[in-house]
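Undergrad: got a predicted model here, sequence first, then my questions.
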Amino acid sequence: MIAAYSDHRGIQQLIEGHFPGPARQTAADLGELRRMMTEARVSIVGTLECSTRLVRHLKAVFRLDWASGPTCIVVTRVTYDNLRSLRDVRGDRLHVVWIEEVEETLPKVLETVAPDNPLRAWGIRLLNARSPSLSIARAVRLVCGISPGPPAPPASSVIELVKRARIDPKELSYRWRAEMPLGCTLKQLLSWGVLRWAIRHRNDGTWKEVARAAGIDQQTLRRYSLTLARCSLADAADDPARVARRLDEWLSGVTIR
């Protein structure tokens, strides 16, 4: 999860445009932001004026002088006063994005400090909200890439998921409908997981090789991109943030509150 706070509506809209949906939670004030940081590891703070008070608060919340802790991205204007207020912050966990460069810079910083994975963030929130049985929780973790360990290719079919989750197919079908009342099929979630994994591993080989590693053929992968992300594989690889935004929108639409 990424926590976000802004004291300016225009900057808030900029932030929401680059990181929409269930992977982001917006704080109403700095006090709520502090509470969110018990779970979030990254926060985006938008402001026109980086006052001494605000910087002092950020240093306290994010422990920016420490060697480790949460990451803070500040979106603000290029002004002498803002430069002066931020220059005394030590450490490499503060990233400043100037409003004048936000379109180009914010996506790059987000990809560096919080590789965009809306499916994982959504899965965590789903588990917290639903409290499913152990077998279904295990299936959700596998589908959404929450399980610990190396980033192996996700299950490409329900049959493969059944094997990995160690659950009877009939039990999975019944419990999933009963415990996960979502506006989508399990197969659709698996398809999204495979598509995002393939895009992230595009540099590991040709599309044919990446598709084979994911357990499908290239034609199926191409179809996933066209039907789910609404773009070609080439466009998806060139602009993975576009695919993440589309996934975010889709997840928001299928989540039944």
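TA: That came through fine.
Undergrad: pretty sure V143 contacts L126?
TA: No: V143 is beyond contact range of L126, at 9.9 Å (criterion: CB atoms under 8 Å). (Glycine included, C-beta is placed from N, CA and C.)
Undergrad: compare the two (neighbour count), which wins?
TA: V143 (23 against 20; other CB atoms under 10 Å).
Undergrad: how about the contacts made by the nearest residue to the more buried one once chain neighbours are set aside?
TA: Spatial nearest neighbour of V143, excluding adjacent residues (CB to CB, 6 or more residues apart in numbering): L189 at 5.2 Å. L189 is in contact with L119, V143, C144, counting by CB atoms under 8 Å, 6 or more residues apart in numbering.
Undergrad: go again using 10 Å as the cut-off
TA: With contact taken as CB atoms under 10 Å, 6 or more residues apart in numbering, L189 is in contact with 119, 122-123, 139-140, 143-144, 154-155, 161, 180, 182, 250-251, 254.
Undergrad: how about the strands in the stretch 101-250 of the chain?
TA: Taking DSSP state E, counting those that start in this stretch to define them, one finds no strands in the stretch 101-250 of the chain.
Undergrad: narrow the contacts of L189 to just the buried residues.
TA: 119, 122-123, 139-140, 143-144, 154-155, 161, 180, 182, 250-251 (16 or more other CB atoms under 10 Å).
Undergrad: any chance of these in CSV with distance to L33 and pLDDT as columns?
TA: Shown next, in CSV, are the buried ones among the contacts of L189 (distance: CB to CB, whole Å; pLDDT from 0 to 100):
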residue, distance to L33, pLDDT
L119, 25, 85
W122, 21, 85
G123, 23, 85
A139, 33, 92
V140, 28, 91
V143, 30, 91
C144, 25, 88
P154, 32, 88
A155, 36, 93
L161, 37, 94
M180, 30, 89
L182, 30, 90
W250, 28, 93
L251, 23, 91
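Undergrad: out of those residues, which one sits closest to R34?
TA: Nearest to R34 among the buried ones among the contacts of L189 is W122, at 24.0 Å by CB to CB.
Undergrad: any stretches of the chain with poor pLDDT?
TA: The chain contains residues with pLDDT under 70 at 1, 18-23, 67, 111-112, 114-116, 147-151, 257.
Undergrad: show me where it has its helices.
TA: 9-18, 30-36, 52-62, 80-86, 102-113, 118-130, 134-144, 158-165, 169-179, 186-200, 207-213, 218-224, 233-238, 240-254 (DSSP state H).
Undergrad: how many neighbours does the closest residue to E179 other than its chain neighbours have?
TA: Of all residues not flanking E179 in the chain, P132 sits nearest, at 4.4 Å (CB to CB, 6+ apart). Number of residues near P132 (other CB under 10 Å) recorded here: 18.
Undergrad: and the nearest residue to G145 once chain neighbours are set aside, how far from R212?
TA: Nearest in space to G145, with sequence neighbours left out and distances taken as CB to CB, 6+ apart, is R120 at 5.0 Å. Counting by CB to CB, to the nearest Å, the gap from R120 to R212 is 24 Å.
Undergrad: these two: which has the busier surroundings?
TA: R120 (19 against 15).
Undergrad: the more buried one contacts W192, doesn't it?
TA: No: taking CB atoms under 10 Å as the definition, R120 is not a contact partner of W192, at 11.4 Å.
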